[in-house]
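[1] Sequence and computational prediction follow.
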Amino acid sequence: MNITGEELLKKIIAHAKEYGFVFQSSEIYDGMSAVYDYGQNGVELKNNIRNYWWKSMVQFNDNIVGIDSAIFMHPTIWKASGHVDAFNDPLIDNKDSKKRYRADVLIEDYIQKIENKIAKEVEKAQARFGEAFNEKQFRETNPRVLENQVKIDEINKRFNNSFEKNDLDDIKLLIEELKIVCPISGTCNWTEVRQFNLMFSTQMGSVSNESNTIYLRPETAQGIFVNYLNVQKTGRMKIPFGIAQTGKAFRNEIVARQFIFRMREFEQMEMQYFVKPGDEMEWYKYWKETRMKWHLSMGIDAHKYRWHDHEKLAHYANAAADIEYQFPFGFKELEGIHSRTDFDLNAHIKHSGKKLQYFDPETNESYVPYVVETSIGLDRMFLALLCNSYKEETLEDGSTRVVLNIPPPLAPYKVAVLPLMKKDGLPEKAQEILCELKSDFMCMYEEKDAIGRRYRRNDAIGTPYCITVDHQTLSDNTVTIRYRDTMLQERINISELRAKLFEITRFNPIR
Ligand code: ATP
């Protein structure tokens, strides 16, 4: 497809709505920005991704167990974790349009425009030189590319420097110097930059005063930290061990865009791995490798992934890296792997006054474990899978089809059972097969419309196999099985169906 990333994203959003994957929240009331609902097919895909993650963590690892902690937690937890004081985004308002922006995103967008200019130069040169084109060399020698790259580096350096020192005045100055204008008013009439806390707060109980202000959790990790000793003791866990959790998290994101990439209510899948101090780098490396294997096990193209190792570390980390995926709007963070040291446990020891040391029965010593965390957004993984699997194909006869080639273990429906016609006992036979299969597989049953249209509808929601019941079925108990990706068909005996479907829709072992 020769279309821009923006056009592709638009198509994916439209497809997700048309086929019951994702709807705008509260749509009939004009919608809520950055909040989305999952439809009948979306919820199946989302459940399957979550299950695959859970199995890979909890079922495949003897020393990892799961929990499900509450969204509401004691407010001091967020003081201890640093979220009350430091979970901020720098905000700026345009005085003419009254629109609010993230100062860092305005600068990021400005840099993106320069990057687009570079990409255009590269594209032009590629067209001119054809096969002989050496992109690396071109980027390193072309004066216009080099000039633009220097600009990008200077802006990044200045921004990072000011951001680190919390020099908000200089960030404003940078925006003014770059002559960044508000896309609505077109003016450069900006307010001061100020910090905005991303946590949603609410009141617990009937009386509203500051002391009963509580927060909707901005991450699931803290629910694991505060339960770590409960789990360790009751599960008799020995270090190293992990605790996994999936669940909703809430952030009052200022910039609401890029569909389900950045939401105000989203779901995380996190695992905290408790290790002996000093061993954390070994485990950090191990989890980096293991998590990348997990991503690749879903059959997503390897070149769509890349690592981003953090140079600037969060206050709690001694190493951190992101797995980035190439979304239609560029490479962006999909998962973070962080070596969080003993920061969180020590903070909870200090704020709660409780002992959270681990007692090692083999060495008879007590210590506060270090933690390596893997943290992935379920909605971002959903979007990555949707983007990776959306294909518009032109077929041999010149017709087109849209197909989602979602990996079969994750597809919303594993199989569609389709009687060729709505007569001659074919629906009854198809129903028999459906009853046989549906206790083990999500099955779609459809008897309306021509068979070709039913195949297309199933292609569009990613059903990997269609089973068609025809007149021959009645005489020899065979059906055709049609494969979504190749569109090839073969005849198979009904008695072999279950085993075959088990084989082709199984989760791949990741190690
Ligand atoms: P970003 O820099 O994109 O805001 P982050 O570094 O703040 O992300 P983390 O705090 O590390 O993200 O959260 C772990 C994971 O949770 C991210 O890798 C991402 O997949 C997911 N996530 C974070 N914020 C959102 C959001 N607003 N909407 C959807 N998923 C999110």
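    Thanks, I have the structure now.

[2] which parts of the strand or helix carrying residue 163 are buried?
    Using DSSP states H and E, the element containing residue 163 is helix 143-164. Going by neighbour count (16 or more other C-beta atoms under 10 Å), the buried part of helix 143-164 is 145, 148-149, 155, 158-159, 162-163. Quick note: C-beta positions are derived from backbone N, CA and C, even for glycine.

[3] Whichever helix or strand comes after it versus helix 143-164: what angle between them?
    Elements were assigned by DSSP H and E; along the chain past helix 143-164, the next helix or strand is helix 168-177. Interaxial angle, helix 168-177 versus helix 143-164 (axes from the mean of the first three to the mean of the last three C-alpha atoms, to 10 degrees): 150 degrees.

[4] what does helix 168-177 rub up against?
    By C-beta atoms under 8 Å, 6 or more residues apart in numbering, the residues outside helix 168-177 that reach it are 90, 92, 103-104, 106-107, 155, 158-159, 162-163, 188, 190, 192-195.

[5] host element of the closest residue to residue 151 other than its chain neighbours?
    Once flanking residues are discounted, residue 151 sits nearest to residue 114: 5.8 Å by C-beta to C-beta, 6 or more residues apart in numbering. Using DSSP H and E, the secondary-structure element containing residue 114 is helix 103-129.

[6] now do residue 335
    Using DSSP H and E, residue 335 falls in strand 330-341.

[7] which other helices and strands contact that strand?
    helix 280-297, strand 305-309, strand 319-327, strand 370-377, helix 378-389 (3 or more C-beta pairs under 8 Å, 6 or more residues apart in numbering; DSSP states H and E).

[8] what do you get if the cut-off is 6 Å, keeping everything else the same?
    helix 280-297, strand 319-327, strand 370-377 (3 or more C-beta pairs under 6 Å, 6 or more residues apart in numbering; DSSP states H and E).

[9] Sketch out the helices for the stretch 351-500 of the chain, chain order is fine.
    378-389, 426-437, 451-461, 471-476, 494-504 (DSSP state H, counting those that start in this stretch).

[10] now the first one against helix 280-297, angle please.
    It refers to helix 378-389. Using the same axes, to 10 degrees: helix 378-389 against helix 280-297 is 40 degrees.

[11] let's have the chain start at 41 instead
    Got it, first residue is 41 now, which makes that one helix 418-429.

[12] what's the offset of helix 418-429 from the middle of its chain?
    6 Å (C-alpha atoms, centre = their mean, to the nearest Å).

[13] ok, now the second one?
    What separates the centre of helix 466-477 from the centre of its chain is 37 Å, taken as C-alpha atoms, centre = their mean.

[14] circling back: pull out the buried positions in the helix holding residue 154.
    For helix 143-169, burial by neighbour count (16+ other C-beta under 10 Å) applies to 143-147, 150-151, 158, 161-162, 165.

[15] Can you lay out those as TSV showing distance to residue 351?
    Putting those into TSV (distance: C-beta to C-beta, whole Å) gives the following:
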residue	distance to residue 351
143	21
144	16
145	20
146	22
147	18
150	21
151	17
158	22
161	27
162	26
165	31
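
[16] follow-up on the earlier one: let me have the buried residues of helix 183-204 in CSV, extended by pLDDT and distance to residue 391.
    Output for the buried residues of helix 183-204, formatted as CSV (pLDDT from 0 to 100; distance: C-beta to C-beta, whole Å):
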residue, pLDDT, distance to residue 391
185, 94, 51
188, 94, 48
189, 93, 46
195, 94, 39
198, 93, 36
199, 91, 33
202, 91, 31
203, 84, 27
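
[17] Closest one to the ligand out of those, please.
    Taking C-beta to the nearest ligand atom as the measure, the ligand lies nearest residue 203 of the buried residues of helix 183-204, at 13.2 Å.
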